[in-house]
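> One predicted model, sequence on top.
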Amino acid sequence: MHAIRVVFGKELIDGRRDRRAVMSAFIFPVMAPILVYGMMTFIINMRHQAQDTAIPMVGLDNAPSFVRWLEEKDVNVTEFKGDPRLAVENKEVELVAVIPNDFGERFAQTRTAVIEIVYDGSRTDAMATVGRFRGLIREYSSEIAALRLIVRGVTPEVMRVVIAEDIDVASKQQRAVAALNFIPLYIILAAFVAGMGIAVDSTAGERERKTLEPLLINPVERHDFVIGKWLAASIFAALGVVLTLILCIVALVQVPLDQIGLNFHITGTQILLMIIAVLPLALLATSMQMLLGIFARSFKDAQSYIGLLTMLPMIPSFFLMLNPVATQVWMYAVPMLGQHLLMVEVLGNKDVPIIAYAYSSLASVVMGLALALITARLFQRENII
């Protein structure tokens, strides 16, 4: 253990002095919450913009009752002059509503009247406004249809043959977590990004600087060197994970999520449980990076190899986003998948069995240690040195 402590201390000092390693360790934890805050603020602003945007309309005089109804709904209707298609293509307006000249005649004859919506389907920022206007048209259509039935002595209930009654078993917190499913992905990615600089520098970096062979000449077992380097890199990865988690939570608390119908709150206990759940992943991530790093000829080569490694934690996260599954106990023992499940369930205030934390932590630690020992074994080869 003395040799491991010496190597561990030496790598911590070198890592702290290496600006490149420090930047790679802490730039992601700082950028992730900024990205989270910016993205959620953008979504909220789009919702507000959809509520406040004026609706340019051609043929206002063709549907005066519909225009008055929109104004009663606090919708700002403006008259549009010019070519609607050209204006939309040139991004001058998000949409233009066109009311044909025969709208009033068809409306009076109780025939289906048409309102054309000219918009650009490639503009994602306009979809909220288009969706809101479509909803208003459906609401107006339903009200007029109900009034026509009442005038004819028919109850509007005949239009609603079958209705769906929603019984949502998910709590408001769980629905909020489902909408914020990308947060666990950022936290897991931090384990692979924050310690990458130290892990790569302690293998490929030293090999490039020709300092690896003099280091291994010392009468110390190879696994002592590797474990010391591994633990030092894991410290940086763990700090990055904790910092990313805390700053992402702080960013979410600052965003007015209630304005988009999300009820999100978190306690100190939940934050602590999330840290416990994801922290062992730092050991696995750095061991994988060190194993790949010894096959690289230079620091730059190792970064290109390990850059592909950061895609690995995205697989279980995207799988769960696109294909939700009923959680089984064995899933907690799958690295990255288990951490993602634990964080989602903790954020959703679900009761998580203690065995889940044990499975998740043990799997990551055992696999990380196994990869570190494989790396130490490979250091015995002359072609690696």
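Received it, and whenever you're ready, just let me know what you need.
> Now do the helix or strand containing Arg207, average pLDDT.
Assigned by DSSP states H and E, Arg207 belongs to helix 206-208. The pLDDT scores in helix 206-208 average 69.
> Could you chop the chain up by domain?
By the assignment in automatic domain parsing, the chain contains the domains 2-42+173-378, 53-159.
> Quick check: which of those is nearest to Asp166?
domain 2-42+173-378 (12.0 Å; C-beta to C-beta). C-betas here are computed from N, CA, C, even on glycine.
> low pLDDT regions in the stretch 1-150 of the chain?
1, 11-12, 14-25, 46-53 (pLDDT under 70).
> In it, what residue spans correspond to strands?
55-58, 77-79, 95-98, 116-119 (DSSP state E, counting those that start in this stretch).
> model confidence over the helix or strand where Asp224 lies, on average?
Using DSSP H and E, Asp224 sits in helix 222-254. For helix 222-254, mean pLDDT rounds to 85.
> Which parts of it count as buried, going by neighbours?
223-249, 251-252 (16 or more other C-beta atoms under 10 Å).
> Dump the strands of the stretch 1-150 of the chain into CSV; add mean neighbour count and distance to Leu369 as well.
Output for these, formatted as CSV (neighbours: other C-beta atoms under 10 Å; distance: least, C-beta to C-beta, whole Å):
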stretch, mean neighbour count, distance to Leu369
strand 55-58, 21, 63
strand 77-79, 13, 67
strand 95-98, 22, 59
strand 116-119, 16, 57
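> closest one to Met288 among those?
strand 116-119 (47.0 Å).
> distance between that closest one and the chain's centre?
Offset of strand 116-119 from its chain centre (C-alpha atoms, centre = their mean, to the nearest Å): 32 Å.
> What is the neighbour count of Glu92?
The number of residues packed near Glu92 is 12, by other C-beta atoms under 10 Å.
> And for stretch 140-150, what's in contact with it?
Residues from elsewhere that reach stretch 140-150 (C-beta atoms under 8 Å, 6 or more residues apart in numbering): 66, 69-70, 110, 155-156, 158-159.
> Pull out the buried residues from those residues.
66, 69-70.
> In JSON lines: the residues you listed, plus distance to Ala282.
Listed next are the buried ones among the contacts of stretch 140-150 as JSON lines, based on distance: C-beta to C-beta, whole Å:
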{"residue": "Phe66", "distance to Ala282": "60"}
{"residue": "Trp69", "distance to Ala282": "59"}
{"residue": "Leu70", "distance to Ala282": "56"}
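> from those, which is closest to Ile13?
So of the buried ones among the contacts of stretch 140-150, ranked by how close each gets to Ile13 (C-beta to C-beta), first place is Leu70, at 68.4 Å.
> In this model Ala63 seems to touch that closest one, though I could be wrong.
No. Here Leu70 does not reach Ala63: they are 9.5 Å apart, not a contact under C-beta atoms under 8 Å.
> CA atoms only for stretch 351-358 - export them in PDB, please.
The C-alpha atoms that make up stretch 351-358 are tabulated as PDB, following Å, rounded to 0.1, in the frame of the first residue of the first chain:
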ATOM      1  CA  ASP A 351     -38.500   3.600  -3.000                       C
ATOM      2  CA  VAL A 352     -35.200   2.000  -4.200                       C
ATOM      3  CA  PRO A 353     -34.100  -1.200  -2.400                       C
ATOM      4  CA  ILE A 354     -30.700  -1.100  -0.700                       C
ATOM      5  CA  ILE A 355     -29.600  -4.100  -2.700                       C
ATOM      6  CA  ALA A 356     -29.800  -1.900  -5.900                       C
ATOM      7  CA  TYR A 357     -27.100   0.400  -4.600                       C
ATOM      8  CA  ALA A 358     -25.000  -2.600  -3.700                       C
END
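> Would you mind listing the buried residues in that stretch?
352, 356-357.
> Val30: neighbouring residues, count only.
When neighbours are counted by other C-beta under 10 Å, Val30 registers 13.
> residues touching it, list them.
Val30 sits in contact with 243, 247, where contact means C-beta under 8 Å, 6+ apart.
> How about the one 4 residues further on?
With C-beta under 8 Å, 6+ apart as the criterion, the residues that contact Ile34 are Ala251.
> Now do it against Val255, distance only.
12 Å (C-beta to C-beta, to the nearest Å).
> hey, what's in contact with both of the two?
With C-beta under 8 Å, 6+ apart as the test, Ile34 and Val255 reach no residue in common.
> From the centroid of this protein, which residue is nearest?
Of all residues in the chain, the one closest to the mean position by C-alpha atoms, centre = their mean is Phe182, 2.1 Å from it.
> Can you measure across stretch 341-353, start residue to end residue?
End-to-end span of stretch 341-353 (C-alpha to C-alpha, to the nearest Å): 12 Å.
> Just the buried positions in it, please.
341-348, 352.
> how much space is there between Leu312 and Gln289?
Taking C-beta to C-beta, one finds Leu312 at 11 Å from Gln289.
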